[in-house]
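K.L.:
Predicted structure and sequence below. I'll ask about it afterward.
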Amino acid sequence: MKNVSSKEAQNHFGDLMHQAVKEPVLIHRYGKPSAVLISYEEYERFLEFEDLYWELKAKEASSKGFLTKQKSEEFLNSILKW
């Protein structure tokens, strides 16, 4: 992963966009990690993993006695009919 300062990121943003297609670019501000520049394809993969994560968390919650999505919707609909 390439590391750059925020000043360098400002001055060479176009070059860093090309670099981000190959690998993420870590941007430091005041010497601390501040942001990561990634390709759109990498971002899409991240969103897929995020969806899978929340799906697993929902299944886990359901197995521990929390309501499923369908049961939650049925409950909310019954309340709204009052």
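P.N.:
The structure has been received and is ready for your questions. Every value quoted in this text rests on a predicted model; they were computed, and no experiment measured them.

K.L.:
Contacts for the lowest-mean-pLDDT helix or strand in the chain next, please.
P.N.:
Lowest by mean pLDDT, DSSP states H and E among the helices and strands of the chain is helix 69-80, with a mean of 83. With Cβ atoms under 8 Å, 6 or more residues apart in numbering as the test, helix 69-80 has contacts from 58, 67. All C-beta spots, glycine's among them, are computed from the backbone N, C-alpha and C.

K.L.:
Show me how far it is from its chain's centre.
P.N.:
Mean-position distance between helix 69-80 and its chain equals 28 Å (Cα atoms, centre = their mean, to the nearest Å).

K.L.:
Ok, stretch 35-48 next?
P.N.:
Computed by Cα atoms, centre = their mean, the chain-centroid distance of stretch 35-48 equals 8 Å.

K.L.:
Other residues contacting it?
P.N.:
9, 16-17, 19-21, 24-27, 29.

K.L.:
ok, now stretch 18-25?
P.N.:
By Cβ under 8 Å, 6+ apart, the surrounding residues in contact with stretch 18-25 are 1-4, 9, 16, 36-39, 42.
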